[in-house]
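J.: What follows is a predicted structure for the sequence shown.
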Amino acid sequence: MVNRRRAARADTAPPFRSDDGRWHELLDISAAIFARKGYRSTTLQDIADEFGVLKGSLYHYIRSKDDLLFEVIRSVFAAGLANLRTLAEADLDPVERLRAVIHGHVLYLIDNLVKTTVLLHEYDQLTDERRVELPVREYQALIAGLIGDAQADPRVKSDLDAQLVALAVLGAANWVYRWYRPGGTRSPEQIADAYADFLVDGMLDRAEAGGHD
């Protein structure tokens, strides 16, 4: 069954959060600049200018640019994981639940393109100490659990390595951030449908698989 145990929590309040109501605005602005310029090329002065404060005023919210990157990544990581957990509770048969989770994850990536770009492109800029604060393996564990559930269905190949396939699913889905641009010929729903069908149908045994709704 799916492991829904809540291990290390990624959705606790950020340690440098101010209560003046502008914290989320600062995260949004920082994410947009990190995504546009890259973390290394972004300065605190860039962020302060767009946030509309003096550079020194940023220290009311954070101690360093590293702290700000971590808070952007932490926030989108926690929200994405919460989204997957919610999708994994859907009252569907295991195969269609897996399909719905992949579909929903792709939509989440597209709907949060700027912050997921920072998460997926700048994650390696975090220090080792900061990385261990994020339960990164929970994404893989959740998808692998769903694949394991689906393998009880005779349509699904029984010899799949659920952990390896979970990594393949996440790798394929997460790559959307590298090429998706709003206003293209395919809608987010069409892209999510295509990914979900392609990835799930690849797990089915042709001798057993029929059509799906």
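T.: That came in fine, so what should we check first? Numbering: from 1, shown residues only.

J.: separation between the residue nearest the centre of the chain and residue 41?
T.: Nearest residue to the geometric centre of the chain (Cα atoms, centre = their mean): residue 80, 4.4 Å. Applying Cβ to Cβ, to the nearest Å, the value for residue 80 to residue 41 is 25 Å. Every residue, glycine included, has its C-beta placed from N, CA and C.

J.: Tell me how confident the model is about stretch 36-43, as a mean pLDDT.
T.: Stretch 36-43 comes out with an average pLDDT of 95.

J.: And the contacts of it?
T.: 30, 33-34, 46, 65, 69, 118, 121-122, 125 (Cβ atoms under 8 Å, 6 or more residues apart in numbering).

J.: Could you let me know which of these ends up closest to residue 76?
T.: Nearest to residue 76 among the contacts of stretch 36-43, counting by Cβ to Cβ, is residue 118 at 7.1 Å.

J.: Tabulate the CA atom coordinates of the one helix or strand that closest one maps to in CSV.
T.: Assigned by DSSP states H and E, residue 118 falls within helix 113-122. The C-alpha trace of helix 113-122 is given here as CSV (Å, rounded to 0.1, in the frame of the first residue of the first chain):
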residue,chain,number,x,y,z
LEU,A,113,6.3,27.1,-13.4
VAL,A,114,8.4,29.9,-12.0
LYS,A,115,8.9,28.4,-8.5
THR,A,116,9.3,24.8,-9.8
THR,A,117,12.0,26.1,-12.2
VAL,A,118,13.9,27.4,-9.2
LEU,A,119,13.4,24.1,-7.3
LEU,A,120,14.5,21.9,-10.1
HIS,A,121,17.2,24.1,-11.7
GLU,A,122,18.7,25.6,-8.5
